[in-house]
Every structure is written in structure tokens, then in C-alpha cells.
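**Q** Here is a sequence with its predicted model. Questions after.
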Amino acid sequence: MTYRILLFGFLLSIIVIAAVFVLPDNNRTTDQSAIAATPPALNEAQYIGVAQCVICHRTEAQGEQERIWRESLHARAYETLKTEESIEIAQEMGIETPPHEAPECLVCHATGWDLPPERLGNRFKIEDGVQCETCHGAGSEYRAIHARDPEAGRERGLIVGAGDADACIACHNENSPTYKGFEFERDMEKIAHPVPN
Ligand code: HEC
Ligand code: HEC
Ligand code: HEC
Ligand code: HEC
């Protein structure tokens, strides 16, 4: 009898120990995983949407990035594709789909339009147009860590490329049917949203 109880207890503890190793750890926070040596594959990061950034990036002390962005044309880039002007441009170019569904336009006027649903967070909105993550990278992996540890943020996909015009010229170029020219310093000034010193 005693032997059976001992055996039962032994088997039970094996099962419990195995479960600890095998079952996914749902309590694991992003902060803990941030300590892991290998960064997750950045091409699996999700675009989580402006709403997930402006929780913090809205106050005067932070630099009012939300207000500055909302007042810029970048915030309206997707809606622009629904205007009469856009429809005419697309027709002249022989594009058969409405411009707000045409890859030929979305490529510069939106983010995430070409990605499968698992790459988009539940607060992601295509209506955000050219948004924080278009320039700073998909946010799911760096969102929690970057405020405390900017270096770890960068390792997890946060893009901060001071003084680099190439990122802008990816869209501000002659492939834009309405191209108006681009001068990095002048145009950066128009959208600047630094953290105050
Ligand atoms: C929990 C609050 C919080 C959230 C959410 C948040 N940030 Fe931040 N972020 C911060 C803080 C705090 C800093 C540090 C600012 C400073 O230098 O004082 C920062 C810094 C940054 C910087 C500058 C980094 C550097 O090294 O200069 C960028 C760019 C940035 N955040 C983008 C984003 C984007 C994009 C999102 C959404 C995907 C986001 N943040 C979400 C709090 C947050
Ligand atoms: C069109 C591209 C673009 C968009 C859209 C954009 N940013 Fe930026 N952001 C930049 C650039 C460029 C800088 C200057 C620093 C650098 O070169 O990365 C910058 C700087 C910042 C900084 C300050 C870094 C510092 O050290 O002063 C923060 C914070 C930030 N962005 C957050 C945001 C948030 C939040 C949003 C969305 C509401 C956003 N950005 C939208 C391109 C963009
Ligand atoms: C993903 C494409 C894309 C990138 C990257 C991009 N832009 Fe733009 N930008 C646009 C589009 C599209 C518009 C026009 C939106 C509209 O009129 O609806 C625009 C408009 C602007 C304007 C017009 C003025 C205003 O009031 O907003 C400025 C200035 C500008 N961008 C600066 C920049 C700078 C500086 C960078 C790099 C840091 C940058 N853009 C990166 C797509 C982009
Ligand atoms: C290579 C990137 C790119 C592509 C592709 C693109 N746009 Fe744009 N779009 C821009 C930029 C950048 C601006 C800001 C003005 C400029 O072109 O310098 C803009 C501005 C606009 C504007 C505002 C007009 C104005 O006077 O500022 C309209 C309308 C527009 N685009 C429609 C479209 C349509 C429709 C398509 C698809 C047929 C399209 N765009 C494809 C980058 C692009």
C-alpha cells in the first residue's frame, strides 16, 4: 500500500515537473522576454497602430508627437486616396481598382496594407496612413521596452535614424504622381516632433 502511494506520488511529481517545462508560460511579460539573448525575428513583429504609441507620446513633456502628426498630411495620406483628385489620377494612369485599394497608391500612402492579419495588432488601422510605425518600425516587440532601454528598443526593431533622408525618399520621389520635390532639412522641419530637452 505504502509503496503504491509512493509510486503514485512519484508519478504525479513527474507530471507536474513536465508540465512546468512543456506548458506555455502565459504570465511571461514582454519585459522578461526582453532579457532573452536572441531577439525575436523582427519580420514577425506586428504593426500595433498609432493608438498604441500616443498613450505616451502626447504630453507636452513628451513633445506632443500625437498632435504634430495628426496635423500633418501623413495622418491623412490614406484618406487622400478617396478624394476625387485621387480617383482622377488613378484613372489617368489606367488603374482599374479604386486608389485606396490599389497597391500602386497604397505603397506610399499607407502601412500594413499588404500584410496578413497575424502581422497586424487589434488596434491597427489602415486609416492611420503614414503613421508612427511607418517610419519607426513595427512596434509590438519594442513598445514595452524602449522607453526604459532605448538600446534594447533598437534591437527589437525601433528605427531612429537621425539625419537620414533615404527613409523619406522611399516615398518622396518621382514615382509619386503629384511629386513636388523634396528637401530633407526643409521638409523634416515641417514634420519635426522631437522630445524636448
Ligand atoms: C509606455 C509609454 C510609451 C509607449 C506606449 C510608446 N513610447 Fe516611445 N518612448 C517613450 C518614452 C518614455 C521615451 C523616451 C523619451 C525621452 O527621451 O524622454 C520614448 C522614446 C521613443 C522614441 C525615441 C527613441 C530614441 O532612442 O531617441 C521613439 C522614436 C518612440 N518612442 C516611438 C514610439 C512608437 C512608434 C511607439 C508605438 C509603437 C511608442 N514609442 C510607444 C514612451 C512610450
Ligand atoms: C514620416 C516619418 C515619421 C513619422 C510618421 C513619425 N516619425 Fe517620429 N521621427 C521621425 C524622424 C525622422 C525623427 C528624428 C529622429 C530620427 O531621425 O529618427 C523622429 C523623431 C521622433 C521622436 C524623438 C526622438 C528624439 O530623440 O527626439 C519620437 C519620440 C518620435 N519620433 C515618435 C513618433 C510617434 C509617436 C509618431 C506617431 C504619432 C511618429 N514619431 C511619427 C520620423 C517619423
Ligand atoms: C510611406 C511613405 C512616406 C514616407 C516614408 C515619408 N512620407 Fe512624407 N508624405 C507621404 C505622403 C503620401 C504625403 C502626402 C499625404 C497627403 O497629401 O495626403 C506626404 C507628405 C509630406 C509632407 C507634406 C507637408 C505636411 O504638411 O505634412 C512633408 C513635409 C513630408 N511628407 C515630409 C516627410 C519627411 C521629412 C519624411 C522622412 C522623415 C517623410 N515625409 C517620409 C509619404 C511618405
Ligand atoms: C512613390 C510614392 C507614391 C506613390 C506610388 C503615390 N503617391 Fe500620392 N503622394 C506621395 C507623396 C510623397 C505626396 C506628397 C506630395 C508629393 O508628391 O511630393 C503625395 C500626394 C498625393 C496627393 C495630394 C496631392 C497634392 O497636391 O499634394 C494625392 C491626391 C495623391 N498623392 C494621390 C495618389 C494616387 C491616386 C496614387 C496612386 C495612383 C498615388 N498618390 C501614388 C507619394 C506617392
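**A** Yep, it's here. Ligands and ions are numbered 1, 2, ... in the order given.
**Q** Within range of ligand 3, give me the residues from the chain.
**A** Contact residues of the chain with respect to ligand 3, defined by Cβ under 6 Å from any ligand atom, are listed as 72-74, 76-77, 80, 108-109, 130, 134-135, 167-168, 170-172, 187-188, 190-191. For the C-beta atoms, the positions are set from N, CA and C on the backbone; glycine is no exception.
**Q** Got a ChimeraX select line for the buried ones in those residues?
**A** Selection of buried members from those for ChimeraX, criterion 16 or more other Cβ atoms under 10 Å:
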select :74,76,77,80,108,109,130,134,135,168,171,172
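**Q** Intersect the residues of the chain next to ligand 3 with the contacts of ligand 4.
**A** Of the residues of the chain next to ligand 3, the ones that also sit near ligand 4 (Cβ under 6 Å from any ligand atom) are 80, 108-109, 171-172.
**Q** number of nearby residues for residue 111?
**A** For residue 111, the tally of surrounding residues (other Cβ atoms under 10 Å) stands at 25.
**Q** how about it, secondary structure?
**A** The three-state label given to residue 111 by DSSP: H, G, I helix; E, B strand; the rest coil is coil.
**Q** Correct me if wrong: it contacts residue 134.
**A** Yes: if you go by Cβ atoms under 8 Å, residue 111 and residue 134 touch, sitting 4.4 Å apart.
**Q** For the nearest residue to residue 170 once chain neighbours are set aside, pull up the helix or strand it's in.
**A** Nearest residue to residue 170, sequence neighbours excluded (Cβ to Cβ, 6 or more residues apart in numbering): residue 108, at 8.0 Å. Under the criterion of DSSP states H and E, residue 108 resides in helix 103-109.
**Q** Export that helix to CSV, keeping only CA atoms.
**A** Listed next in CSV are the C-alpha coordinates belonging to helix 103-109 (Å, rounded to 0.1, in the frame of the first residue of the first chain):
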residue,chain,number,x,y,z
PRO,A,103,-1.1,48.7,-54.4
GLU,A,104,0.2,51.4,-56.9
CYS,A,105,-1.0,54.0,-54.4
LEU,A,106,-1.1,52.3,-51.1
VAL,A,107,2.6,51.6,-51.3
CYS,A,108,3.3,55.2,-50.3
HIS,A,109,0.0,56.3,-48.7
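**Q** which residues touch it?
**A** With Cβ atoms under 8 Å, 6 or more residues apart in numbering as the contact definition, helix 103-109 has outside contacts at 77-78, 80-81, 86, 90, 93, 95, 99-100, 113-114, 129-130, 170-171, 175-176.
**Q** Tell me which residues of it come out buried.
**A** Buried, per 16+ other Cβ under 10 Å, within helix 103-109: 105-106, 108-109.
**Q** mind putting the residues you listed in JSON lines, distance to ligand 2 included?
**A** Written out in JSON lines, the entries for the buried residues of helix 103-109 read as follows (distance: Cβ to the nearest ligand atom, whole Å):
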{"residue": "105", "distance to ligand 2": "17"}
{"residue": "106", "distance to ligand 2": "16"}
{"residue": "108", "distance to ligand 2": "11"}
{"residue": "109", "distance to ligand 2": "12"}
